[in-house]
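**Q** Give the three-dimensional model of this entry:
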Amino acid sequence: MSTVITSCTRGAQELPERPTAVEGTGRAGDLVIARVVRVGAYPRVENVHGRDVRIRVGDEVVGVLGDRHSTTSIYGGLPEDGLAVGAGTPADLLAVGGVVGIAASSPSSLGTATALELTGLAAGPDGRVLSLRRRAAAEAPATPVVFVGGTAAEVGKTTFAAALVHHLAARYGVRVGVTKLAGTGRLRDLLTLADAGAHCAADFVDAGLATTYGHTADTVVGAARHLAARLTGEGAEIVVAELGGDLWGAGIPDILRDPGLVAAARALVLVPSDTMASLGADTWLTRNGITVPPVHGVPHRNVMAARERVGRGMGVELVDPHDEGDLDRLVTGLLLPALPARAVPAGTR
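**A** Residues are numbered from 1 along each chain as shown. The predicted structure follows:
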């Protein structure tokens with residue numbers, strides 16, 4: 001039997017080498033020890049180093065209780081009054097990053113969730129249950145922010161954000177802070193953004209949330225403000241912030257309507273699943289009173305056809321993250337006033 005400490009536990013206080021299992025009522029953010037009883041939708045979990053590790057029946061997993069309301073993957077969570085946790089309590093693996101709860105629905109393409117049997121809540125040497133540490137909300141961010149959101153999961157948000165980070169760091173010499181402010185916790189996306197040339201990186205798991213589903217607006221917005229302030233304190237001159245999943249869920253509307261975050265925002269890059277979704281996202285922003293200037297990205301389709309259709313149907317230009325000229329147009333059109341003067345190439349400002 002092997003034990004895997006999952007990546008979502010990294011927002012907790014230091015884990016002992018062998019946490020103790022105790023009984024009690026578990027709530028979102030509490031760490032749990034579980035045994036794999038059936039491998040299903042997720043045959044691997046992501047460890048604290050960001051590596052996907054294969055799991056087998058009988059293996060032990062240390063994860064975090066939480067909710068996940070994905071439209072493309074598993075939907076599930078916790079009872080309103082918490083989950084009674086004891087030896088043998090059934091549960092499910094809701095996400096590769098180690099989110100644990102009760103699965104309610106799963107796409108047929110994935111199959112049923114990987115089934116777990118809880119050993120107990122994870123406790124330290126003093127017997128107290130280990131939990132993710134919530135970080136205090138900060139004042140409105142002083143550093144400019146670029147949001148990158150999409151109309152669904154797996155449409156290319158991280159790809160676009162990483163390309164923008166690299167462009168800002170390599171061409172403009174800007175110290176870029178990267179973050180993921182909403183969605184389901186996983187280290188992979190944050191590492192991808194950091195590897196693109198970021199100066200510093202942190203996400204909502206570092207702020208004490210395994211996911212941003214099932215939380216109040218104050219909690220999600222507070223985590224987002226904390227992360228922007230943290231990256232500013234670490235030297236970021238601009239923050240590129242990915243918003244996981246689609247714009248409707250995970251507390252994203254609250255983030256995009258918060259006055260402090262809106263004041264810091266320079267653009268909201270919209271990455272659509274297709275050209276019709278571009279129109280849908282634009283309409284959604286208007287109906288929800290979101291005023292952050294939108295920038296439309298190219299979907300994972302033929303670029304020429306996408307430009308033609310969206311240009312004709314909406315009268316806007318698409319930004320291709322693989323085109324240096326497009327990225328320069330985005331920077332000079334919306335971000336240039338926010339960049340430090342010493343970082344801007346001669347003749348650009």
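
**Q** tell me the mean pLDDT over stretch 182-201?
**A** Across stretch 182-201, the average pLDDT comes to 96.

**Q** Quick check: end-to-end length of that stretch?
**A** 14 Å (Cα to Cα, to the nearest Å).

**Q** list the buried ones in it?
**A** For stretch 182-201, burial by neighbour count (16 or more other Cβ atoms under 10 Å) applies to 182-187, 189-194, 196-201. Heads up, the C-betas are built off the backbone N, CA and C, glycines and all.

**Q** so where's the stretch 101-250 of the chain shaky on pLDDT?
**A** By pLDDT under 70, the stretch 101-250 of the chain has no low-scoring segment.

**Q** And the strands in it, which stretches?
**A** Here the stretch 101-250 of the chain has its strands, by DSSP state E, counting those that start in this stretch, at 114-123, 145-150, 176-182, 200-201, 238-243.

**Q** among those, which is nearest residue 325?
**A** Closest of the strands of the stretch 101-250 of the chain to residue 325 is strand 145-150, at 18.2 Å (criterion: Cβ to Cβ).

**Q** Of all the residues in the closest one, which ones are buried?
**A** So for strand 145-150, counting by 16+ other Cβ under 10 Å, buried means 145-150.

**Q** Need the three-state assignment for residue 278.
**A** Classification of residue 278 by DSSP: H, G, I helix; E, B strand; the rest coil places it in helix.

**Q** so how many other residues sit close to residue 275?
**A** By other Cβ atoms under 10 Å, the residues close to residue 275 number 22.

**Q** returning to what we had before: nearest to residue 307, of the strands of the stretch 101-250 of the chain?
**A** Residue 307 sits nearest to strand 145-150 of all these, at 18.2 Å, using Cβ to Cβ.

**Q** now residue 98: how far from residue 140?
**A** Distance, residue 98 to residue 140, by Cβ to Cβ, to the nearest Å: 32 Å.

**Q** Likewise for residue 241?
**A** In terms of Cβ to Cβ, residue 241 sits 14 Å off from residue 140.

**Q** Counting neighbours, go ahead and name the busier of these two.
**A** residue 241 (28 against 14).

**Q** check contacts around that one.
**A** 145-148, 178-181, 224, 227-228 (Cβ atoms under 8 Å, 6 or more residues apart in numbering).

**Q** okay, these in CSV with distance to residue 322 next?
**A** Shown next, in CSV, are the contacts of residue 241 (distance: Cβ to Cβ, whole Å):
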residue, distance to residue 322
145, 23
146, 18
147, 20
148, 15
178, 19
179, 23
180, 21
181, 24
224, 28
227, 28
228, 28
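
**Q** ok, of those residues, which one's closest to residue 75?
**A** Looking across the contacts of residue 241 and measuring by Cβ to Cβ, the closest to residue 75 is residue 180, at 20.0 Å.

**Q** now that closest one, nearest residue through space, not along the chain?
**A** Once flanking residues are discounted, residue 180 sits nearest to residue 203: 4.1 Å by Cβ to Cβ, 6 or more residues apart in numbering.

**Q** count of neighbours near that neighbour?
**A** For residue 203, using other Cβ under 10 Å, the count is 26.

**Q** what do you get for the one 4 residues further on?
**A** Residue 207 is flanked by 26 other residues according to other Cβ under 10 Å.

**Q** what's the spacing between it and residue 297?
**A** Counting by Cβ to Cβ - residue 207 and residue 297 are separated by 26 Å.

**Q** Please apply the same query to residue 198.
**A** Distance from residue 198 to residue 297, by Cβ to Cβ: 19 Å.

**Q** quick revisit: need the buried residues of strand 145-150 in TSV (columns: distance to residue 54).
**A** As requested, the buried residues of strand 145-150 are exported to TSV (distance: Cβ to Cβ, whole Å):
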residue	distance to residue 54
145	37
146	36
147	35
148	31
149	32
150	29
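
**Q** tell me which of these is nearest to residue 235?
**A** residue 145 (15.4 Å).

**Q** Could you give the separation of stretch 290-308 from the chain centroid?
**A** Centre-to-centre, stretch 290-308 and its host chain are 21 Å apart (Cα atoms, centre = their mean, to the nearest Å).

**Q** buried sites along that stretch?
**A** So, applying 16+ other Cβ under 10 Å, buried residues of stretch 290-308: 290, 292, 294-299, 306-307.

**Q** Grab the CA positions of that stretch and hand them over as CSV.
**A** The C-alpha trace of stretch 290-308 is given here as CSV (Å, rounded to 0.1, in the frame of the first residue of the first chain):
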residue,chain,number,x,y,z
ILE,A,290,-19.8,43.2,-15.7
THR,A,291,-17.9,46.2,-16.9
VAL,A,292,-14.3,44.8,-17.2
PRO,A,293,-13.3,45.4,-20.9
PRO,A,294,-13.6,42.1,-22.8
VAL,A,295,-11.0,40.8,-25.2
HIS,A,296,-12.1,37.9,-27.3
GLY,A,297,-9.6,35.0,-27.8
VAL,A,298,-9.5,32.5,-30.6
PRO,A,299,-11.3,29.1,-29.9
HIS,A,300,-9.6,25.8,-30.6
ARG,A,301,-10.7,25.9,-34.3
ASN,A,302,-9.6,27.3,-37.6
VAL,A,303,-8.3,30.8,-36.8
MET,A,304,-9.1,32.3,-40.2
ALA,A,305,-12.7,31.1,-40.1
ALA,A,306,-13.1,32.2,-36.5
ARG,A,307,-11.8,35.7,-37.3
GLU,A,308,-14.1,36.0,-40.3
